[in-house]
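*Asks:* Provided below for reference: sequence and predicted model.
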Amino acid sequence: MENIVDRQTVGISADILDRSLIIEIIRVTERSAIAAARLRGRLNDIAADKTAIEAMHTELDLVNINGTIVIGEGDNAAVAKLFVGEKIGTGNGPRCDIALDPLEGTTICAKDLQNAMSVIALAKPGSLLNAPDVYMEKIAIGPGYDEGIISLEKSPTDNLAALANAKGVHISDLNVCILDRQRHGKLIGEVNKAGAPIRLISDGDLAGVINTTNPYDTGVDIYMGSGGAREGVLAACALCCMGGQMQGRLMLDTREKLKNAAAMGIDNPRRIYNLHDMAHGDVMFAATGVTQGNLLSGVRFEQGQIITNSLVMRSTSRTIREVTTRHPA
């Protein structure tokens, strides 16, 4: 049984991907989330990640698409399933590129902390940034602001001042989400000196970016810092559907990383990517909570049933569906 709530619908344009895929991709994230949730709090992040990968691969291969994974678990030399370049789906449906993370926040799941989720995005071929497996500097805010008020070329203090001015508040009224890492020591110090409260998260910067789209519920106004480039593209897919602004810059700080990036067609290692550069066109995005979070409830195992909570979105319609599904146990 599914309970689906549409939060917003604005001017539907011509389809590129079949609308039926919206329900199909929810099923994909639901299956991987349920699999991971069975190992929630077991302090074994490797096992949780592995079972989520297996479940997502099995379910995704049943979807009527001719899919190619462009953001996945790694290259085919490192992983056996959901690798970059893998063809997946029945092969009978539309061609699409796929970005995915069966378990965003493996450590979060292992420790049963907040905001672990399973995510996937589908888009027309060529619509998603083919990012190498490196870190990415990121800054993101939600919808409702003039374009260009944030920039990686500005200092953190200047970005906070610009956002505060746009909101008509003081910097001290903003809440800044930052991944709790030693590399962010200087950033944290500057934000603290500027007077903005900081929410440090242990993992899961994808959730941190998505939380900026609904600050009234999540308490997050802006995301700053560096995290995985793969998560950056997935976050861009979500913001493409939900609205917001984001910039990313790949951290290519070794010769090997520069070489690998060049082989992928990245000729400007200092380029700043805007949201449209990372995800554009007809994008579908789905996320299912694994553990309890600000936007999504975690999987609940009850007598005779399993309850999942998901979001599924589409950029062309700007429709956001909240989906609660009751699965037989």
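*Replies:* That came through fine. Model, not experiment: these values are computed from the prediction.
*Asks:* and residue 286, what helix or strand is that in?
*Replies:* strand 283-289 (DSSP states H and E).
*Asks:* What is the subsequent helix or strand relative to that strand?
*Replies:* Next along from strand 283-289, by DSSP H and E: strand 300-302.
*Asks:* what's that next one packed up against?
*Replies:* Contact analysis of strand 300-302 by 3 or more CB pairs under 8 Å, 6 or more residues apart in numbering; DSSP states H and E lists strand 305-314 as its packing neighbours. Heads up, the C-betas are built off the backbone N, CA and C, glycines and all.
*Asks:* Dump the strand holding residue 286 to PDB, restricted to CA.
*Replies:* Extracted in PDB, the C-alpha atoms of strand 283-289 (Å, rounded to 0.1, in the frame of the first residue of the first chain):
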ATOM      1  CA  VAL A 283      16.000  14.700 -14.200                       C
ATOM      2  CA  MET A 284      14.200  12.200 -11.900                       C
ATOM      3  CA  PHE A 285      15.400  11.800  -8.400                       C
ATOM      4  CA  ALA A 286      14.300   9.400  -5.600                       C
ATOM      5  CA  ALA A 287      15.500   8.900  -2.000                       C
ATOM      6  CA  THR A 288      14.300   6.600   0.700                       C
ATOM      7  CA  GLY A 289      15.300   7.000   4.300                       C
END
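*Asks:* tell me what it is packed against?
*Replies:* helix 21-37, strand 117-123, helix 229-242, strand 305-314.
*Asks:* tell me the angle that strand makes with strand 117-123.
*Replies:* Comparing the axes of strand 283-289 and strand 117-123 via axes from the mean of the first three to the mean of the last three CA atoms, to 10 degrees yields an angle of 170 degrees.
*Asks:* where exactly do the helices run in the stretch 101-250 of the chain?
*Replies:* Here the stretch 101-250 of the chain has its helices, by DSSP state H, counting those that start in this stretch, at 106-111, 156-167, 185-194, 205-210, 215-218, 229-242.
*Asks:* Nearest to residue 85, out of the ones you listed?
*Replies:* Of all those, helix 229-242 sits nearest to residue 85, with 14.1 Å by CB to CB.
*Asks:* any idea how far that closest one is from the chain center?
*Replies:* Offset of helix 229-242 from its chain centre (CA atoms, centre = their mean, to the nearest Å): 5 Å.
*Asks:* What helices and strands are in contact with the helix or strand hosting residue 96?
*Replies:* Here residue 96, judged by DSSP H and E, is contained in strand 95-104. If you count contacts as 3+ CB pairs under 8 Å, 6+ apart, strand 95-104 packs onto helix 21-37, helix 45-60, strand 66-71, strand 117-123, helix 205-210, helix 229-242.
*Asks:* just to revisit the earlier point, possible to save the helices of the stretch 101-250 of the chain as TSV with mean pLDDT, mean neighbour count and distance to residue 75?
*Replies:* Below are the helices of the stretch 101-250 of the chain laid out as TSV (pLDDT from 0 to 100; neighbours: other CB atoms under 10 Å; distance: least, CB to CB, whole Å):
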stretch	mean pLDDT	mean neighbour count	distance to residue 75
helix 106-111	96	23	19
helix 156-167	98	18	34
helix 185-194	98	15	30
helix 205-210	92	28	21
helix 215-218	90	14	34
helix 229-242	95	27	12
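*Asks:* Any figure for the gap between the residue nearest to residue 148 when sequence neighbours are not counted and residue 168?
*Replies:* Nearest-residue entry for residue 148: residue 245, 7.9 Å, with adjacent residues in sequence omitted and distances by CB to CB, 6 or more residues apart in numbering. Distance, residue 245 to residue 168, using CB to CB, to the nearest Å: 18 Å.
*Asks:* Would you mark the buried spots in stretch 122-135?
*Replies:* Buried residues in stretch 122-135, defined by neighbour count with 16 or more other CB atoms under 10 Å: 122, 123, 124, 127, 128, 129, 131, 132, 133, 134, 135.
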